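K.L.:
sequence and predicted structure, then a few things I'm wondering about:
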Amino acid sequence: MANWMIKAGQLVQPLINLMQDNILSYDILQMDETRVQVLNEDGRTAQSQSWMWVQRGGPPNQRLILYHYNSSRSQSVPKERLTGFSGYLQTDGYDAYNAAVIENNLTHLGCMAHARRKFKSTTEKQR
């Protein structure tokens, strides 16, 4: 079944490319990455960590969410995924986004959930 998914993914790649273009065409984009474990990947042990990079954006009436797998968490991934984007990028503050922010002259916004957590933990300590 995994091979079916790979083949289906190849068939819909033109649609994914259009979705990526649509996400990048609007001036507000959110991006995050999360760990995934791939058990059988060429040249890597089953204990290796890989990453699912998520982008959410596009015009307000046509919001899109795209998932992009990569074995790396390096700055090369957001640089590639954000090529051609200009505007506001909201992330959790992970340093890998900084190169894309500088290269594309983006306004880097912080993640409200992370800010809330820090604020909440600080106020709880004060009680």
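P.N.:
Alright, I've got the coordinates. These numbers were taken from a predicted model, which means no experiment stands behind them.

K.L.:
ranges for the helices of the chain?
P.N.:
2-11, 13-25, 76-81, 98-104, 112-126 (DSSP state H).

K.L.:
mean neighbour count for the ones you listed - can I get that in a markdown table?
P.N.:
C-beta here means a position set from N, CA and C on the backbone, and glycine is covered the same way. Conversion of those to a markdown table gives the following (neighbours: other C-beta atoms under 10 Å):
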| stretch | mean neighbour count |
| --- | --- |
| helix 2-11 | 9 |
| helix 13-25 | 14 |
| helix 76-81 | 18 |
| helix 98-104 | 16 |
| helix 112-126 | 9 |
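
K.L.:
least reliable of the ones you listed going by mean pLDDT?
P.N.:
Across the helices of the chain, helix 112-126 has the smallest mean pLDDT, namely a mean of 66.

K.L.:
and the helices of the chain: which comes nearest M52?
P.N.:
Judged by C-beta to C-beta, the one of the helices of the chain that comes nearest to M52 is helix 76-81, at 10.7 Å.

K.L.:
kindly reformat the helices of the chain as CSV containing distance to H68.
P.N.:
Output for the helices of the chain, formatted as CSV (distance: least, C-beta to C-beta, whole Å):
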stretch, distance to H68
helix 2-11, 11
helix 13-25, 9
helix 76-81, 6
helix 98-104, 14
helix 112-126, 21
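
K.L.:
and of the ones you listed, who's closest to L39?
P.N.:
helix 2-11 (10.7 Å).

K.L.:
who wins for proximity to A46 among the helices of the chain?
P.N.:
Here helix 2-11 is closest among those (C-beta to C-beta), at 15.0 Å.
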